[in-house]
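Q: Structure here, sequence nowhere to be found:
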């Protein structure tokens, strides 16, 4: 017979695993896409067509920055509790939403490509022609969707997730993890330094 209420911890555990996977994969996709070519075209100069291209970080640096914020928020979820955890979870979700909005809004932006054309031709008013947009902005947007999903999972189930204590161990329900007391090293009566250390600990080295 399954105990009542056992479904909630199970669901929280599954949500935790899913949020970690979605967050890491989502941030990785955004950062990968930021380093790829988002658009390419040509710049006319002296009757020749010079190839030009613009990368994701040149088109807009915001998705990459938001991915780093989301990744940091995903880690911070386990370092805070209660209201602070809700705030960090919301930040994770908003970073994903912002990534999606920025990647889709800026995918057709030709400003970076025109700057590349100006550099290639040496003409300040050069404009790129025959522009083609690659699929990498959509990859960045997909990564943002995954970050958003991780944030929503953290908002929905984060209160049931474990928190990291000050000693680096995980604790549940906000209860401090019991401290592990180390056994005192044996005292060698022939070593004066051992006798002094025992006295500093409040022990009787002759006992």
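A: Happy to help now that I have it. Fair warning: this is a prediction, and the values are worked out from it, not measured in the lab.
Q: Kindly provide the distance from residue 96 to residue 151.
A: Between residue 96 and residue 151 the computed distance is 6 Å (CB to CB, to the nearest Å). Glycine gets a C-beta too; all of them are placed from N, C-alpha and C.
Q: Confirm for me that residue 149 is in contact with residue 22.
A: Yes: Residue 149 lies in contact with residue 22 (CB atoms under 8 Å); the separation is 5.1 Å.
Q: rewinding a little: got any residues that touch both of residue 96 and residue 151?
A: residue 70 (CB atoms under 8 Å, 6 or more residues apart in numbering).
Q: What helices and strands are in contact with the longest helix along the chain?
A: Looking across the chain with DSSP state H, the single longest helix is helix 7-34. Helix 7-34 is packed against helix 56-59, helix 62-76, helix 82-106, helix 136-157, with contacts defined by 3 or more CB pairs under 8 Å, 6 or more residues apart in numbering; DSSP states H and E.
Q: redo that, cut-off 6 Å
A: helix 56-59, helix 62-76, helix 136-157 (3 or more CB pairs under 6 Å, 6 or more residues apart in numbering; DSSP states H and E).
Q: buried residues in it?
A: 12, 15-16, 19-20, 22-24, 26-27, 29-34 (16 or more other CB atoms under 10 Å).
Q: can you tell me which of those lies nearest to residue 160?
A: Nearest to residue 160 out of the buried residues of helix 7-34 is residue 12 (CB to CB; 3.7 Å).
Q: Pull up the gap between the spatially closest residue to the closest one that is not a sequence neighbour and residue 37, please.
A: Using CB to CB, 6 or more residues apart in numbering and skipping the chain neighbours, the partner closest in space to residue 12 is residue 160 (3.7 Å). Residue 160 sits 43 Å away from residue 37, going by CB to CB.
Q: for residue 105, same thing?
A: 18 Å.
Q: Also residue 159?
A: In this view, residue 159 and residue 37 are 42 Å apart by CB to CB.
Q: So for those two, which sits in the more crowded spot?
A: Taking neighbours as other CB atoms under 10 Å, residue 159 and residue 37 compare with residue 37 leading, 16 against 13.
Q: for the protein, what helix or strand is lowest in average pLDDT?
A: Ranked by mean pLDDT, DSSP states H and E, the weakest helix or strand in the chain is strand 170-171, scoring a mean of 48.
Q: Point me to the residue sitting closest to the centre of this protein.
A: residue 71 (0.8 Å; CA atoms, centre = their mean).
Q: what's that one in contact with, if anything?
A: With contacts defined as CB atoms under 6 Å, 6 or more residues apart in numbering, the neighbours of residue 71 are residue 27.
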